[in-house]
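In: Take this sequence and fold it.
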Amino acid sequence: MKTSTYSIVATGIIVVLAAALIGVLVFMKNQPPLTRGVAPLVEVAEMEPDSSVWGVNFPNQYTALLQTETNNTRTVYGGSLPFDRLEEYPNLRILFAGMAFSKEYNEDRGHMNSLRDVNEIARITEASPGTCYSCKTADNPRLWAEMGMREYDRTPFYELGERISTPVGCANCHEANTMRLIVTNPALEEALEKQGKDWRTFTRQEMRTVVCANCHVEYYFAGEDNYLTFPWQNGTRIEEIAAYYTEIGFKDWTYPGTDTPMIKMQHPEYEVYTADSTHYKAGVACADCHMPYTRDGAVKYSTHNVRSPLLNLDTACGACHTDVTYVAERVAIIQDQVRERMEAAEEALVDAIAALIEANANPAADQALLEEARLLHREAQLRWDFLSAENSMGFHNPSEALRILAASADMARQAQLKAVLAGGVNAVQAAVP
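Out: Sure thing, here's the model as predicted:
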């Protein structure tokens, strides 16, 4: 009898608890979206491209974002001052001969200048596809949703530009109202899916790096539709990217005089940083250094004045490092070492190109050796360019940068040697002092 009473009581308790749980779940489901503890002053439309609308709710972040328009400050090897790279590094005219970067190659400015810069750049022509807008405007999430990325990419640049009016902004990285960090670029989502990854399962700290990969990556335009594609199918390290390009037979241009099928690398900050760099393995996100937390009175927020940490050492580096003077000195040493290795690779490439041009002009040249030299030229230059186009002069991953540049210089010298040998006895004699 007593056991039966206990069973009835226990059953009653379970029923009550279950009902309470159901009630809590129903209540939570009917609550408005989370606003990170702040009641919004205005409701922001989904994929709203105008960052000033978001700024009503988040004035500190928006005010900081506006500063990227005028923070044109030069660092030793970069920054956001739009200097002419071709004047600074004359070898670039040789290395990019036959393609648009040999005519104009300027340092990029801050996010608020993204749209103006792409509209004014001389590399854009009537033949340019809409794909060139992919990382330049906060209108993109809305346009991708409306058009689909394939239609977006194959639309001529100037025609698509009639529907675009805002620079990079809040909608490129955030979900409206919840302010959740999200992947907005379909090319990034496709690349992650091919690796078996779902960004929705990532932690917020992981997303503070992943959202940067919406733009700061290596990419190419695939097929007649100029479909934006990240070459990550084999992985994100340079050897895996190079192998992928070889497998699909891709080239950006043919080098004049050598007939080498060449690749122009873009800004692979994400790939270099995530290749087991010291900071990445320690759990440091891109935003920790380039958008560090700061304070306005009692308010703590991530500054959206995105810039080099070297211009904000106390805040960007001081959160982890007590001696920021030492940090600055270490950065200088690392970047100088990387630049020295980069110059060695450049010189080797210039010599290889000269030898290839001479051998290619010789009807009697050994064609098998010449083809080997071309392949080495391509592989050496794409490795050099992987670091040259990456915006940290190697600091994002010093050991990886030096490893890649050493391989580049070695391949370039091999290309030079094979080109000389392909040219025959006369070429070898001319090459020997």
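
In: which element is residue 300 on?
Out: Per DSSP states H and E, residue 300 falls inside strand 299-302.

In: List the pairing partners of that strand within its sheet, with orientation.
Out: Strand 299-302 has the following strand partners under DSSP bridges: strand 293-296 (antiparallel).

In: Grab the CA positions of the strand it pairs with and hand them over as PDB.
Out: Provided in PDB are the C-alpha atoms of strand 293-296 (Å, rounded to 0.1, in the frame of the first residue of the first chain):
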ATOM      1  CA  TYR A 293      38.000  45.400 -27.200                       C
ATOM      2  CA  THR A 294      38.100  49.000 -25.900                       C
ATOM      3  CA  ARG A 295      36.100  51.200 -23.600                       C
ATOM      4  CA  ASP A 296      33.900  54.300 -23.700                       C
END
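
In: sec struct for the residue found closest to residue 116 once you drop the neighbours it is linked to in the chain, please.
Out: In space, residue 116 comes closest to residue 167 once its chain neighbours are excluded; the distance is 7.1 Å by Cβ to Cβ, 6 or more residues apart in numbering. (Glycine included, C-beta is placed from N, CA and C.) Put simply, residue 167 is coil when judged by DSSP: H, G, I helix; E, B strand; the rest coil.

In: OK, contacts around residue 167?
Out: 111-116, 136-138 (Cβ atoms under 8 Å, 6 or more residues apart in numbering).

In: do residue 213 as well
Out: Applying Cβ under 8 Å, 6+ apart, the residues near residue 213 are 188, 270.

In: Would you mind measuring from it to residue 406?
Out: From residue 213 over to residue 406 the distance is 26 Å, taken as Cβ to Cβ, to the nearest Å.

In: Count the neighbours of residue 259 for me.
Out: By other Cβ atoms under 10 Å, 14 other residues sit near residue 259.

In: measure the spatially closest residue to it that is not a sequence neighbour to residue 350 for me?
Out: Once flanking residues are discounted, residue 259 sits nearest to residue 360: 6.2 Å by Cβ to Cβ, 6+ apart. Between residue 360 and residue 350 the computed distance is 16 Å (Cβ to Cβ).

In: same deal with residue 133?
Out: 34 Å.

In: Which one's more surrounded, these two?
Out: Using other Cβ under 10 Å as the criterion, residue 133 and residue 350 rank with residue 133 on top: 25 against 15.

In: how close does the more buried one sit to residue 113?
Out: Separation of residue 133 from residue 113 (Cβ to Cβ): 14 Å.

In: Could you do residue 326 as well?
Out: Using Cβ to Cβ, which is the criterion applied here, residue 326 is 33 Å from residue 113.

In: Looking at the two now, which is surrounded by more residues?
Out: Using other Cβ under 10 Å, the more surrounded residue of residue 326 and residue 113 is residue 113, with 21 against 11.

In: give the contact list for that one.
Out: 68-69, 167.

In: mind checking pLDDT for it?
Out: At residue 113, the model reports a pLDDT of 96.

In: Equivalent analysis for residue 426, please.
Out: 59.

In: re the thing from before, could you dump the contacts of residue 167 into JSON lines with distance to residue 96 added?
Out: What follows is the contacts of residue 167, written out as JSON lines (distance: Cβ to Cβ, whole Å):
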{"residue": "111", "distance to residue 96": "26"}
{"residue": "112", "distance to residue 96": "28"}
{"residue": "113", "distance to residue 96": "23"}
{"residue": "114", "distance to residue 96": "22"}
{"residue": "115", "distance to residue 96": "25"}
{"residue": "116", "distance to residue 96": "24"}
{"residue": "136", "distance to residue 96": "21"}
{"residue": "137", "distance to residue 96": "26"}
{"residue": "138", "distance to residue 96": "30"}
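
In: Export the residues you listed to JSON lines and append columns for secondary structure and distance to residue 256.
Out: Shown next, in JSON lines, are these (DSSP: H, G, I helix; E, B strand; the rest coil; distance: Cβ to Cβ, whole Å):
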{"residue": "111", "secondary structure": "helix", "distance to residue 256": "36"}
{"residue": "112", "secondary structure": "helix", "distance to residue 256": "38"}
{"residue": "113", "secondary structure": "helix", "distance to residue 256": "33"}
{"residue": "114", "secondary structure": "helix", "distance to residue 256": "32"}
{"residue": "115", "secondary structure": "helix", "distance to residue 256": "33"}
{"residue": "116", "secondary structure": "helix", "distance to residue 256": "32"}
{"residue": "136", "secondary structure": "coil", "distance to residue 256": "30"}
{"residue": "137", "secondary structure": "coil", "distance to residue 256": "34"}
{"residue": "138", "secondary structure": "coil", "distance to residue 256": "39"}
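
In: Just the buried ones from these, in PyMOL syntax?
Out: Buried residues within the contacts of residue 167, by 16 or more other Cβ atoms under 10 Å, are selected in PyMOL with:
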select buried, resi 111+112+113+114+115+136+137+138
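
In: Among the contacts of residue 167, which one lies nearest to residue 40?
Out: residue 138 (18.6 Å; Cβ to Cβ).

In: Got phi/psi on the closest residue to that closest one other than its chain neighbours?
Out: Nearest residue to residue 138, sequence neighbours excluded (Cβ to Cβ, 6+ apart): residue 169, at 3.7 Å. Backbone torsions for residue 169, taken as degrees, to the nearest 10, come to phi -160, psi -160.

In: which residues touch residue 169?
Out: Counting by Cβ under 8 Å, 6+ apart, residue 169 has contacts 49-51, 54, 65, 111, 138.

In: Which of the residues you listed sits closest to residue 300?
Out: Closest to residue 300, out of all of these and judged by Cβ to Cβ, is residue 65, at 17.0 Å.

In: shouldn't the residue nearest to residue 259 be in contact with residue 260?
Out: No. Using Cβ atoms under 8 Å, residue 360 is not in contact with residue 260; the gap is 9.1 Å.

In: Please report the distance of residue 321 from residue 288.
Out: 12 Å.

In: That should have said residue 340, apologies.
Out: Taken as Cβ to Cβ, the span from residue 340 to residue 288 is 28 Å.

In: Kindly report the same for residue 167.
Out: Taken as Cβ to Cβ, the span from residue 167 to residue 288 is 24 Å.

In: which residue ranges form the helices in the stretch 101-250 of the chain?
Out: Applying DSSP state H, counting those that start in this stretch to the stretch 101-250 of the chain gives helices spanning 114-120, 140-147, 149-154, 157-161, 186-194, 204-210, 238-248.
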